[in-house]
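Trainee: Here is my input, please return the structure:
(2 chains)
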Amino acid sequence: MMTEDASVFFDTDDFAETVTIDGVSVNGVFDAEFVTVDYVETKKPVFSYVRTDAPSAAYDSTLVRSGTTYKVKGVQPDETNMINKLILEKQ
Amino acid sequence: MANHVRQQLREAVATAVTGLSTTGSRVYQSRVYPLDTSSLPCLLVTSDGDKSEAITVHSPYQQERATTIRIEGLAKAVSNIDDTLDTISKEVETAIAGSSTAIVKGMIYQGAQIDYDGSGEQPIGKVTMIFTKDLYTLSNAPDVLI
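Mentor: Purely as a prediction, here's the structure:
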């Protein structure tokens, strides 16, 4: 079992930023790569963070980033169960 | 020389479905490249080709061309996207049936397929409607309706 401090990967002095998940401030990395869906070029927003920073994040949780609200539509823990990736829907 | 009757039909259909309440002027013919999300809701009008049958013997013979037009309605929304697609369908079917343009009159609605995709930042829905029209030409004049 891994016991490393995963928070070093989500330092806001590097690539991480602070968002709120259901009102709780959480540091993590937001990404939105381009995807093409049925002729439409759009983005696929995701947010990765240390799972214990927001253990209750679940389907339909609310994430707010820089004034933009997203709903959580998927929760994908990594193999170590330390990092969660949230699949987001822009509201 | 006029345009091929397939082109005439595609362009007339695009004109007939331009200006509808939901999709407005966002009507694109034979679209190949992706659209920006700001272009939604929209319609894509494409000719899928035709099936021709000779109905006379001597050259130039008469042809019956069963010509297929595909109209795809695209929309994105976080809720009620099914209702939006059905509204687009209603507007398109009504516009085609009510067109006063000769080449569009009598088009047959063959049915629709509805698809949803949630892999982007908002759900995107698509309704694909198929219409057909029998066009008659001579074999040596595919640009002239008879």
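
Trainee: ok, the helix or strand of chain B with the lowest mean pLDDT: who's next to it in the sheet?
Mentor: Counting by mean pLDDT, DSSP states H and E, chain B has its least confident helix or strand at strand B:35-36, which shows a mean of 93. According to DSSP bridges, strand B:35-36 has the following sheet partners: strand A:40-50 (parallel).

Trainee: pLDDT on the next helix-or-strand element following the partner strand, on average?
Mentor: Later in the chain than strand A:40-50, the nearest helix or strand by DSSP states H and E is strand A:62-65. When pLDDT is averaged over strand A:62-65, the result is 97.

Trainee: what residues does the helix or strand hosting B:Lys90 touch?
Mentor: For B:Lys90, the host element (DSSP H and E) is helix B:81-98. With CB atoms under 8 Å, 6 or more residues apart in numbering or on different chains as the test, helix B:81-98 has contacts from B:13, B:16-17, B:20-23, B:41, B:43, B:71, B:73, B:75, B:77, B:104, B:107, B:109, B:112, B:114, B:116, B:123-127, B:129, B:131. Quick note: C-beta positions are derived from backbone N, CA and C, even for glycine.

Trainee: buried sites along it?
Mentor: For helix B:81-98, the buried set under the neighbour-count rule, 16 or more other CB atoms under 10 Å in any protein chain shown, comprises B:Ile81, B:Thr84, B:Leu85, B:Asp86, B:Thr87, B:Ile88, B:Ser89, B:Glu91, B:Val92, B:Glu93, B:Ala95, B:Ile96.

Trainee: pull the CA atoms of that helix into CSV?
Mentor: Included here for helix B:81-98 are C-alpha records, laid out as CSV according to Å, rounded to 0.1, in the frame of the first residue of the first chain:
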residue,chain,number,x,y,z
ILE,B,81,-32.0,17.8,-24.9
ASP,B,82,-34.5,15.1,-26.0
ASP,B,83,-37.2,17.7,-26.2
THR,B,84,-34.9,20.0,-28.2
LEU,B,85,-34.2,17.2,-30.8
ASP,B,86,-37.9,16.4,-31.1
THR,B,87,-38.7,20.1,-31.6
ILE,B,88,-36.0,20.3,-34.3
SER,B,89,-37.6,17.2,-36.0
LYS,B,90,-41.0,18.8,-35.9
GLU,B,91,-39.8,22.0,-37.5
VAL,B,92,-37.8,20.2,-40.2
GLU,B,93,-40.5,17.8,-41.1
THR,B,94,-43.1,20.6,-41.3
ALA,B,95,-40.8,22.7,-43.4
ILE,B,96,-40.1,20.0,-45.9
ALA,B,97,-43.8,18.9,-46.1
GLY,B,98,-44.9,22.5,-46.5
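
Trainee: need the contact list for A:Tyr49.
Mentor: By CB under 8 Å, 6+ apart, A:Tyr49 lies in contact with A:Phe10, A:Ile21, A:Val26, A:Asn27, A:Gly28, A:Val29, A:Ile83, A:Asn84, A:Leu86.

Trainee: Put together CSV for those residues, with pLDDT on each row.
Mentor: Formatted as CSV, the entries for these read as follows, by pLDDT from 0 to 100:
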residue, pLDDT
A:Phe10, 83
A:Ile21, 96
A:Val26, 95
A:Asn27, 95
A:Gly28, 96
A:Val29, 96
A:Ile83, 92
A:Asn84, 94
A:Leu86, 97
